[in-house]
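Undergrad: sequence and predicted model, in that order:
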Amino acid sequence: RGTISEGRVVLTVVFILIFVSSFIFTFMIYWAERGEYNEEKGYFERVDLYGDGKERSPFSSLEICAWWVVCTTTGVGYGDVVPTTAFGWIVGILCMYGGILSLALPLATIAMHL
């Protein structure tokens, strides 16, 4: 039997947890960073990075938020979209640590069965 087949159940659970946590982080960052809808301008605005003004929120759709979650959890972190609120920073930190664990757990499981 191969290494991956021996840890199949554990790896399946880990990948399901990664998938579910990605959805949770997507909705959390969307809620934290979307901001308020400005009817006059026709888009969502949030507090800017320095906290002294408003800017158009890049977290305006779930697709963009999902992209941010994938980039953050994998460690790519392009920097094109960043949270500016305290809750958004907390979500970002948790998302980064979740990415580290999502890589460490499957690799440890595979290494254990070598």
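TA: Perfect, thanks for sending it.

Undergrad: check the offset of the longest strand seen in the chain from the chain's centre.
TA: Counting by DSSP state E, the longest strand found in the chain is strand 43-47. Centroid displacement of strand 43-47 relative to its chain, using C-alpha atoms, centre = their mean, to the nearest Å, is 20 Å.

Undergrad: so what secondary structure elements neighbour it?
TA: Applying 3 or more C-beta pairs under 8 Å, 6 or more residues apart in numbering; DSSP states H and E, we find strand 43-47 packed against strand 36-38, strand 54-56. Where you see a C-beta, it was placed from the backbone N, CA and C, and this is true even at glycine.

Undergrad: in TSV: those strands, plus distance to Phe87, mean neighbour count and mean pLDDT.
TA: As requested, the helices and strands packed on strand 43-47 are exported to TSV (distance: least, C-beta to C-beta, whole Å; neighbours: other C-beta atoms under 10 Å; pLDDT from 0 to 100):
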stretch	distance to Phe87	mean neighbour count	mean pLDDT
strand 36-38	15	12	94
strand 54-56	17	13	93
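
Undergrad: can you redo the ones you listed as JSON lines with distance to Gly79?
TA: What follows is the helices and strands packed on strand 43-47, written out as JSON lines (distance: least, C-beta to C-beta, whole Å):
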{"stretch": "strand 36-38", "distance to Gly79": "24"}
{"stretch": "strand 54-56", "distance to Gly79": "16"}
